[in-house]
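> Below are the sequence and a predicted model; questions follow.
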Amino acid sequence: MNRPFARVDAILTAFLYCLLLGACARPAAAAPHQAVTKRQLMMSTVIALTIYDPKSDAVFTEIFDRMADIERKMSVQKPDSEVSKVNAMAGKAPVVVSADTYAVMKRALTMSSLSGGAFDPTIGPIVDLWNVAGDNPHVATAKEIGNALPLVDWRQVETDDAARSIFLKKPGMKLDFGGIAKGFAADEAARIAKKDGVVSALFNMGDSSIYVMGSKPDGVPWRIGVQNPVSDENGEVIRDRYLGIFECSDADVETSGPYERFFMKDGKRYHHIMDPKTGMPADNGLIQVTLIMPNDVDLPDGLSTSCFVLGLQKGMKLIESLPGVGAVFVTADNKAYISSRAASKFSFSEGTGITLGKVRGEE
Ligand code: AMP
Ligand code: MG
């Protein structure tokens, strides 16, 4: 089952919530600031840019053009993208790519190394096999997974800084930048906005990934609602509740969850975050991970995806080892675990069906 329009609606709804929450936080005598929001369907999602007091529309055009450029270079849905060319040459020869694609490749490999392989940009053959987000999703058989898994190995990616080339060593290997390209796009959006004099903006990158620049123009932190991950029998989350709210400035808040892209078969939900060890949708006891990362922390996107694959213990250990980074994990037994650096920024809401688990160190 694939309902892209329902998902787009959900993203828009989530975005509206986010603005409403922000509006509630504004003092009555706030100076009149103008928020302008523009949306575009790109990178298989709806991207919504809200900029306060933009000088003109030109900044939106420049950002969306840059995002389209990134998508053109890195989308596997586009057969002539650089990433598709690298994939087509797997096992044959290195492919010289743009500085952008090369940078994202390097960042993806950094995340693979950091996560001990839980994040793997060569997950492509497994993503294709399940086709979770496509028209004909499929429950992969053990045999199919067995054939595809040897092709998933980030250590078989050869990069050459001098030539700026990427080589996938085994024929059939396939890169998928679905878990990392949007983080790069958000960073680029912020760079362009900053150059244009923007100090206050919120970029909703779709798929529960939000990037905020500065604070709200009245100096109040942004308030970002985190979806309650409890699902109904159809695998759908209920969109009228928050697990809690992050208050933050200059930060990235991103969630990875099985309810974002999935299909149902025989009453079971199969989702889009794959475990590179098993070739199956990751099932390590979590139903959601939300990450908060200050913008000045130079880490690649993909950390929430990594933590979702790693599970609570290993994921929490990774988060606690990274200065500045915080996360909220929700386990399948409906308990939320808040990392030390998320605690001061996250207000947990009661009444969602999730209760607070014991924090690290208390167990
Ligand atoms: P996110 O929604 O940010 O967690 O990213 C999920 C997307 O990343 C998926 O739709 C795939 O395109 C890709 N992906 C899935 N599993 C992995 C993985 N283990 N490592 C890297 N990318 C992945
Ligand atoms: Mg992500």
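Now that the structure is in, tell me what you want to look at. Ligands and ions are numbered 1, 2, ... in the order given.
> Report pLDDT for G302.
Predicted confidence (pLDDT) at G302: the value is 93.
> Who are the contact partners of the closest residue to it other than its chain neighbours?
Once flanking residues are discounted, G302 sits nearest to M111: 4.2 Å by CB to CB, 6 or more residues apart in numbering. Just so you know, the C-beta spots here come from the backbone N, C-alpha and C atoms, and that holds for glycine as well. By CB atoms under 8 Å, 6 or more residues apart in numbering, the contact list for M111 reads F119, I180, L299, P300, D301, G302, L303, S306.
> with those residues in mind, which one is nearest to ligand 1?
Nearest to ligand 1 among the contacts of M111, counting by CB to the nearest ligand atom, is F119 at 4.3 Å.
> wait, doesn't R39 sit right on F60?
No - with contact defined as CB atoms under 8 Å, R39 does not reach F60; the gap is 9.9 Å.
> the more surrounded of those two?
Between R39 and F60, counted using other CB atoms under 10 Å, the more crowded position is F60 (21 against 18).
> any idea what sits nearest the more buried one, other than its immediate chain neighbours?
In space, and not counting its chain neighbours, F60 is closest to K38: 4.6 Å by CB to CB, 6+ apart.
> can you list the residues of this protein near ligand 1?
When proximity is defined as CB under 6 Å from any ligand atom, the chain approaches ligand 1 at 119-121, 123, 127, 176, 178-179, 207, 256, 260-261, 272-274, 276, 304-305, 309.
> which among the residues you listed end up buried?
119-121, 123, 127, 176, 178-179, 207, 256, 260-261, 272-274, 276, 304-305, 309 (16 or more other CB atoms under 10 Å).
> So which of these sit within helices?
Residues of these located in helices (DSSP state H): V127, S304, T305, V309.
> from those residues, which two are the most distant?
V127 and S304 (17.2 Å; CB to CB).
> what comes up buried for the helix or strand hosting the residue nearest to F60?
Per DSSP states H and E: K38 is located in strand 35-42. Counting neighbours by 16+ other CB under 10 Å, one finds that the buried residues in strand 35-42 are A35, K38, R39, M42.
> Please render those as CSV that adds pLDDT to the earlier fields.
CSV is the format used below for those (pLDDT from 0 to 100):
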residue, pLDDT
A35, 95
K38, 98
R39, 98
M42, 93
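> and of the residues you listed, the nearest to N295?
The shortest approach to N295 among the buried residues of strand 35-42 belongs to A35, at 19.7 Å (CB to CB).
> who's that closest one bridged to?
Y52 (DSSP bridges).
> State the distance from A140 to G353.
Using CB to CB, to the nearest Å, A140 is found at 31 Å from G353.
> The two: who's more crowded?
A140 (20 against 11).
> Does that one touch W130 like I think?
Yes - using CB under 8 Å, A140 is in contact with W130, at 5.5 Å.
> moving C-terminal of the helix or strand harbouring M316, what's the next helix or strand?
Using DSSP H and E, M316 falls within helix 312-320. Under the assignment DSSP H and E, the closest C-terminal helix or strand after helix 312-320 is strand 326-331.
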